[in-house]
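Participant: sequence first, predicted coordinates after that:
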Amino acid sequence: MASNSNQNYNQQSGKYKPLILIVDNDQDNLLLASCVIESMGMNYIVTDDSTGCLYLVKKALPDLILLDIVMPKMSGLDIITILKQDEKLSSIITVAVTGLTRTDDKNKLILAGFDDYLSKPYLIEDLEAMLYRLLQNEK
């Protein structure tokens, strides 16, 4: 499912295996992202519940969060606001995964505190490249 353009993350970086939290209310999106991340040799946890996301972040302290923006109960913007207000969680790398593609939407996401964004639908190679780039300093 993932491209062969990059080596397995675990092979590239020794024993370090980052933990990625994937938050999306769409099961197909969760499956795609988890398959890509697993093929890269990284650990992951998933949730389709926006409110359960906060519990998982506090409990697992992931290295990076892939966060859908448009979800029931709480939006990704609501979640990033809460995360950035918590000193223990504010430094977690957070990527907005969204169908919002207008320039002003993207600017709004970055201003809200996201480290980057990925527009749906995305290419597997784009997800891989983003994860490698953002996690490079986390090793």
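Facilitator: Sure, I can see it.
Participant: can you give me the strands for the protein?
Facilitator: 19-23, 43-47, 64-68, 93-98, 116-119 (DSSP state E).
Participant: what angle sits between the longest one and strand 19-23?
Facilitator: It refers to strand 93-98. Inter-element angle recorded for strand 93-98 and strand 19-23: 30 degrees (by axes from the mean of the first three to the mean of the last three Cα atoms, to 10 degrees).
Participant: tell me the average confidence for strand 93-98?
Facilitator: Summarised as a single mean, pLDDT over strand 93-98 is 96.
Participant: and for stretch 59-79?
Facilitator: Computed over stretch 59-79, the mean pLDDT rounds to 96.
Participant: what pLDDT does residue 136 get?
Facilitator: Per-residue confidence (pLDDT) for residue 136: 89.
Participant: swap that for residue 102, sorry
Facilitator: On pLDDT, residue 102 comes in at 82.
Participant: state the distance from it to residue 77.
Facilitator: Distance, residue 102 to residue 77, using Cβ to Cβ, to the nearest Å: 15 Å. All C-beta atoms are positioned from the backbone trio N, CA, C, and that covers glycine.
Participant: okay, the strands of the chain, which one's buried deepest?
Facilitator: Of these, the one with the most neighbours on average (mean count of other Cβ atoms under 10 Å) is strand 64-68, at a mean of 26.
Participant: contacting residues around that strand?
Facilitator: Outside strand 64-68, the residues that touch it by Cβ atoms under 8 Å, 6 or more residues apart in numbering are 18-26, 29, 33, 50, 53, 57, 76, 79-80, 83, 92-98, 114, 118, 131, 134-135, 138.
Participant: rerun at 7 Å
Facilitator: 18, 20-25, 33, 57, 76, 79-80, 92-97, 131, 134-135 (Cβ atoms under 7 Å, 6 or more residues apart in numbering).
Participant: in this protein, which spans are helices?
Facilitator: 9-12, 27-39, 50-60, 76-85, 103-112, 124-135 (DSSP state H).
Participant: for the third one, name the packing helices and strands.
Facilitator: In this case it means helix 50-60. Contacts defined by 3 or more Cβ pairs under 7 Å, 6 or more residues apart in numbering; DSSP states H and E place helix 50-60 against strand 19-23, strand 43-47, helix 76-85.
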